[in-house]
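K.L.:
Have a look at this prediction, sequence included:
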Amino acid sequence: MKKAKICYVIADGGRARFVERDEKGAFRTVSSFVSAELQAKSSDLGRDRPARVMESATPQRSAIEPRRDLKEAAKEDFVKLVADEIDAEHGRRRFDRLVLVAPPGVLTRLKQKLSKAMAERVVYNLQKDLTKVPDHDLTQHLAPPR
């Protein structure tokens, strides 16, 4: 019987990497990517001042609040990108099962963005930010899934 290949997806709101274990049990990063907006301020992502609207009854102008925070929108878009990349990696037959590692808010959003087929392949979730932990230190944080 062939041993199931497990892919560990370690992500936060702006960084993601796909990690697998080699035959000796050591972790190795297969691919990683970083959001272009990770270091950007909200003002850099869009207008620095909110749009203005004129009231019809008076000559005053009032600011319009943005519908969503641009920094949060960038994180949301990045999480969707990670979910799409998980689908692409599975299409290349890189894994059979999936382990998701992310901070609590990102993990929830990532699970919501996964396709149904990928959600069924998730065998373990871990609510931690391990994006900056080097490969050789991952062993102490990631217990092998059951």
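P.N.:
Perfect, thanks for sending it.
K.L.:
contacts, neighbours, all on C-alpha from now
P.N.:
Will do.
K.L.:
The longest helix anywhere in the chain - what's its average pLDDT?
P.N.:
In the chain, with assignment by DSSP state H, the single longest helix is helix 70-91. Computed over helix 70-91, the mean pLDDT rounds to 90.
K.L.:
do the same with stretch 22-42
P.N.:
Stretch 22-42 carries an average pLDDT of 81.
K.L.:
Quick check: residue 12 touching residue 109?
P.N.:
No - taking contacts as C-alpha atoms under 8 Å, residue 12 lies outside contact range of residue 109: 10.5 Å.
K.L.:
Secondary structure class of the closest residue in space to residue 89 that isn't next to it in sequence, three-state.
P.N.:
In space, and not counting its chain neighbours, residue 89 is closest to residue 95: 7.5 Å by C-alpha to C-alpha, 6 or more residues apart in numbering. When classified by DSSP: H, G, I helix; E, B strand; the rest coil, residue 95 comes out as coil.
K.L.:
need the contact list for the residue nearest the centre of the chain.
P.N.:
Geometric centre of the chain, nearest residue: residue 79, 3.8 Å, by C-alpha atoms, centre = their mean. Taking C-alpha atoms under 8 Å, 6 or more residues apart in numbering as the criterion, residue 79 is in contact with 13, 106, 109, 110, 113.
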